[in-house]
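Engineer: predicted coordinates and the sequence they were generated for:
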Amino acid sequence: MLLGRSVDGRAIYAVELGDRRLPTSLLLVGCIHGNEPAGIPVARALEAHPPAAHVWVIDDLNPDGVAADTRQNAQGIDLNRNLPWRWRPLSHQSGQYSGPRALYAPEARLAERFILRARPHVTVWFHQPLAVVDQSGGDPAVERRFARLAGMRETRLTRYPGSAVGWQNHVLPATTAFVVELPPGRVSHALSERLLGALHAIAAG
C-alpha cells in the first residue's frame, strides 16, 4: 500500500502480511532515522518470511534521509521528534530539530494516519546503534519477552518529546510500541535470525 511520498517525492509503502481478517498484531518500522538503516534488511526479511498473524511492515519511513545518510528528513526535521505527544520546539543546533509544529513533516503525518487506522497491537521501531531493547512505556512484559528472544539487553533510554513510541503509547493505551536499538553497522546473520524469531513470537501473541 502506498502511504504517501517523502518531501523529495520518494514513495513510502506499507506491506501487509498474513491473515488480514485478523486484527493487526504487529507493525514493524525498519527505519525512521536515515542514518540508522540496519533495520531495513530485517524488515524485508520479515516480508520474505511472514508470520501467520496479520502484520504490517514499513521498510523505510525516511527514504530521503537514507539517500542522504542523514538522521533527518529533507526538511532537516527529526521525524522522531515531530509526533504530537508532548511535542516541543527543538532547534537545528540540537541535531534533533522537531519542526515548526507537530506533524509538519509529511512522513510524520502519513505515519500518524496509518497507525491510527491499523491500530497495531504491538509496534517495533528499529533504531541504531545502542544494541538494546528500550523500555518505552508500553507493556513491559512484551518488551522483556522480545529482548529475551532476541538475545538483547533491556534498558530504559531517555524519553524524548514528540517521539513515535511516546505518541503511540499515549493515543493507543491498550497497545505497546517500543524501540529496538540495533548495533552499529550491518546486522549479523545470527542477530537477524533471532530478531525474526522474536518478531514471529510477538506477532503470534
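Structural biologist: Nice, thanks for sending it over. Residues are numbered from 1 along each chain as shown.
Engineer: quick one: the helices in the protein?
Structural biologist: Remark: helices assigned in the chain by DSSP state H are 39-48, 63-68, 106-118, 140-150, 164-171, 189-204.
Engineer: center of the chain - which residue?
Structural biologist: Trp125 (2.4 Å; C-alpha atoms, centre = their mean).
Engineer: for it, list each beta-bridge partner.
Structural biologist: Here Trp125 sits in beta bridges with Val29, Val179, going by DSSP bridges.
Engineer: residue contacts, it?
Structural biologist: Trp125 makes contacts with 29, 32, 164-165, 177-180, as judged by C-beta atoms under 8 Å, 6 or more residues apart in numbering. Using the backbone N, CA and C atoms, a C-beta is placed for each residue, glycine as well.
Engineer: and the closest residue to Asp69 other than its chain neighbours, how close does it get to Gly151?
Structural biologist: Nearest residue to Asp69, sequence neighbours excluded (C-beta to C-beta, 6 or more residues apart in numbering): Asn35, at 5.3 Å. Going from Asn35 to Gly151 by C-beta to C-beta, to the nearest Å gives 25 Å.
Engineer: what does Leu79 give?
Structural biologist: 28 Å.
Engineer: Leu195 against Ala150, yeah?
Structural biologist: Yes - if you go by C-beta atoms under 8 Å, Leu195 and Ala150 touch, sitting 5.3 Å apart.
Engineer: got any residues that touch both of these two?
Structural biologist: Overlap of the contact sets of Leu195 and Ala150 (by C-beta under 8 Å, 6+ apart) consists of Val180.
Engineer: the more surrounded of those two?
Structural biologist: Leu195 (26 against 22; other C-beta atoms under 10 Å).
Engineer: between Asn35 and Gly151, point out the one with more neighbours.
Structural biologist: Relative neighbour count places Asn35 above the other of Asn35 and Gly151, with 15 against 12, counting by other C-beta under 10 Å.
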